[in-house]
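Enquirer: coordinates only, sequence not included:
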């Protein structure tokens, strides 16, 4: 910016300091100041730069920002002039940001736009097409997106032929309205393409040419020979292999063998098989010992709701919401796009207990204050589209030492009824430290009870779950063994192969 001052030139020069301030919704202002700079005497208008080290802060919707210049040590009868934004004195503020663009959703489709995981390497011309459709979320709107590039890489991270840094087309071009914005690109793979698993990489470039967001998996698909049975590449306790020739890649049928039975690996969608369909509404209790997978199950159920466009509220009482976000991302459940679009809201019930100030829009000073907690949950629901919204509460365990047992039961009953009344569900996790009488009462009032267990078998740690209760619906009974894998989350061992 440009500055000048007039007055008593024999006096010490005025001092200018740049100030950047922000205020998260419902909180106080936080200020960051630059190094003070004196205005030289007798030089006329001067060009000054202020550099401020801003904290790595998540700026929520509704955050207030302020850029200020403070003049101090001004001599008596002097006048400090700030020339801002004129043609003769061009001025600007540069505020480095991150996380302002993200992928809301990514889909891999065949030529008929049907979700597909495996493509025949010998497909006839016209059918040898992989469509990639992504939904991009931009905090600054469509006009801030310069381009979206797609790269398809083989298992060695080498770009596939004809699929390196491909520009994706927006459909429709820069529409009016809210996020997200749809982009699509096609890859016509040659018959000589390697039979393997490929990953989709996506880069979002903003209007200034910066890489605003870079996606590096885990979205993937396979090019396979005819008649190929999809293998679970990362969980292969036992396998039978058969050669397929061609490029020398081996096709296989993989399964887990235990005693004389055989279990095929199935993705998380297998959970809906256990419950005979999606869990649409009511109260759901997820019980289990430490390490049984209660949190990841609730997170994956929520992620499925988000993918279907259902609003969700996640109440975190056992960890910082920032850790919940990063943990979900490591499991392939990136929720930033859903947050930016207003579909997902976190309520922080942990920071205050850990003695730290919350950076979330919604937080409570104590998880034992159930009245305030209930009010925060109600306030966090999107006012214009709360119908069908669901609440995920992880976990009830910290409440046990903060409030009376009967208050916990009353709270769960009240919140569950509220969510059911708007067509959604309330999912609560709880561990063995919750009072046995309270647990029994929670089970009785719940529409669905999922029991989970971590155990050891011949020195190997395993996990399993079962649907102990599901009101008004027939469901699969008995235990189902599962594993938790980075980038994929929960994977089930199923008695039937995936078709």
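Expert: That came through fine. All values reported here derive from a predicted model rather than from experimental measurement. Residues are numbered from 1 along each chain as shown.
Enquirer: Surely residue 301 touches residue 280?
Expert: No: Residue 301 sits out of contact with residue 280 when judged by CB atoms under 8 Å, with a separation of 11.8 Å. Bear in mind the C-beta positions are built from the backbone N, C-alpha and C, glycine included.
Enquirer: Pick out whichever of the two has more residues nearby.
Expert: Neighbours were counted for residue 301 and for residue 280 using other CB atoms under 10 Å; residue 301 has more, 22 against 13.
Enquirer: Just want the phi and psi numbers for the more buried one.
Expert: Note on residue 301: backbone dihedrals following degrees, to the nearest 10 are phi -60, psi -40.
Enquirer: Please tell me the pLDDT value assigned to it.
Expert: At residue 301, the pLDDT value in this model is 97.
Enquirer: Quick one: residues contacting it.
Expert: Shown in contact with residue 301 (CB atoms under 8 Å, 6 or more residues apart in numbering): 271, 279, 392, 427.
Enquirer: repeat for residue 378
Expert: residue 418.
Enquirer: Phi first, then psi, for it.
Expert: Backbone torsions for residue 378, taken as degrees, to the nearest 10, come to phi -60, psi -40.
Enquirer: same question, residue 299
Expert: Residue 299 has phi and psi values of phi -70, psi -40 when expressed as degrees, to the nearest 10.
Enquirer: ditto for the one 10 residues further on
Expert: With angles defined as degrees, to the nearest 10, residue 309 shows backbone torsions of phi 80, psi 20.
Enquirer: Tell me, how many residues neighbour the closest residue to residue 37 other than its chain neighbours?
Expert: Take residue 37 and drop its neighbours on the chain: the residue closest to it by CB to CB, 6 or more residues apart in numbering is residue 16, 5.5 Å away. Number of residues near residue 16 (other CB under 10 Å) recorded here: 24.
Enquirer: Make 329 the first number, not 1, from now on.
Expert: Right, with 329 as the first residue, what we last looked at is residue 344.
Enquirer: give the contact list for residue 344.
Expert: Contact analysis of residue 344 by CB under 8 Å, 6+ apart lists 331, 364-367, 376, 378, 397-400, 408.
Enquirer: Tell me how far it lies from residue 400.
Expert: 8 Å (CB to CB, to the nearest Å).
Enquirer: Could you name every residue contacting both of those two?
Expert: residue 364.
Enquirer: Contact partners for the closest residue to residue 682 other than its chain neighbours?
Expert: Nearest residue to residue 682, sequence neighbours excluded (CB to CB, 6+ apart): residue 648, at 7.3 Å. By CB under 8 Å, 6+ apart, residue 648 lies in contact with 676, 678-679, 682, 684.
Enquirer: Just give me the closest of these to residue 727.
Expert: residue 678 (12.0 Å; CB to CB).
Enquirer: does the closest one count as helix, strand or coil?
Expert: The assignment at residue 678 comes out as coil when based on DSSP: H, G, I helix; E, B strand; the rest coil.
Enquirer: which stretches of the stretch 479-628 of the chain form strands?
Expert: 494-495, 497-498, 509-516, 525-534, 539-552, 566-571, 578-586, 589-594, 610-616 (DSSP state E, counting those that start in this stretch).
Enquirer: In terms of mean pLDDT, which of those strands ranks lowest?
Expert: strand 566-571 (a mean of 34).
Enquirer: Would you map out the domains in this structure?
Expert: Domain segmentation of the chain under automatic domain parsing yields 330-411, 429-556, 590-822.
Enquirer: so which of the ones you listed is the most packed in?
Expert: domain 590-822 (a mean of 18; mean count of other CB atoms under 10 Å).
Enquirer: what sits against the residue nearest to residue 548 when sequence neighbours are not counted?
Expert: Take residue 548 and drop its neighbours on the chain: the residue closest to it by CB to CB, 6+ apart is residue 527, 4.8 Å away. Taking CB under 8 Å, 6+ apart as the criterion, residue 527 is in contact with 480-481, 544-548.
Enquirer: Kindly state the beta-bridge partners for residue 527.
Expert: With DSSP bridges as the criterion, residue 527 is bridged to residue 481, residue 548.
Enquirer: Distance check, the spatially most central residue of the chain against residue 650.
Expert: Nearest to the geometric centre of the chain sits residue 663, at 1.6 Å (CA atoms, centre = their mean). As judged by CB to CB, residue 663 and residue 650 stand 12 Å apart.
Enquirer: how about the contacts of residue 344 in CSV, adding pLDDT, distance to residue 740 and secondary structure?
Expert: CSV is the format used below for these (pLDDT from 0 to 100; distance: CB to CB, whole Å; DSSP: H, G, I helix; E, B strand; the rest coil):
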residue, pLDDT, distance to residue 740, secondary structure
331, 69, 60, strand
364, 83, 55, coil
365, 80, 58, strand
366, 79, 62, strand
367, 75, 63, coil
376, 77, 58, coil
378, 80, 52, coil
397, 84, 52, strand
398, 85, 51, strand
399, 84, 57, strand
400, 84, 56, strand
408, 71, 61, strand
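Enquirer: between those, which is nearest residue 462?
Expert: Taking CB to CB as the measure, residue 462 sits nearest to residue 378 out of the contacts of residue 344, at 38.3 Å.
Enquirer: any idea how far the closest one lies from residue 771?
Expert: Relative to residue 771, and taking CB to CB, residue 378 is found at 60 Å.
Enquirer: Over to residue 527?
Expert: For residue 527, the distance to residue 771 - CB to CB - is 42 Å.
Enquirer: do residue 701 as well
Expert: Distance, residue 701 to residue 771, by CB to CB: 22 Å.
Enquirer: now swap in residue 818 and tell me
Expert: Taking CB to CB, one finds residue 818 at 22 Å from residue 771.
Enquirer: what do you get for residue 423?
Expert: Distance from residue 423 to residue 771, by CB to CB: 51 Å.
Enquirer: Next: residue 746.
Expert: In this view, residue 746 and residue 771 are 20 Å apart by CB to CB.
Enquirer: residues touching residue 342, list them.
Expert: Counting by CB under 8 Å, 6+ apart, residue 342 touches 333, 366-367, 399-403, 406, 408.
Enquirer: any low-confidence regions in the stretch 429-578 of the chain?
Expert: For the stretch 429-578 of the chain, the stretches with pLDDT under 70 are 503-507, 557-578.
Enquirer: go again using 50 as the cut-off
Expert: Scanning the stretch 429-578 of the chain for pLDDT under 50 picks out 559-578.
Enquirer: do the same with the stretch 679-827 of the chain
Expert: Scanning the stretch 679-827 of the chain for pLDDT under 50 picks out no residues.
Enquirer: Please enumerate the helices of it.
Expert: Ranges of helices in the stretch 679-827 of the chain, per DSSP state H, counting those that start in this stretch, are 698-708, 733-749, 764-773.
Enquirer: looking at the ones you listed, which is closest to residue 338?
Expert: Among the helices of the stretch 679-827 of the chain, helix 698-708 comes nearest to residue 338, with 59.0 Å by CB to CB.
Enquirer: Provide a list of residues in contact with the nearest residue to residue 518 once chain neighbours are set aside.
Expert: Using CB to CB, 6+ apart and skipping residues adjacent in sequence, the residue nearest residue 518 is residue 489, 6.2 Å away. Residue 489 is in contact with 517-518, 521, counting by CB under 8 Å, 6+ apart.
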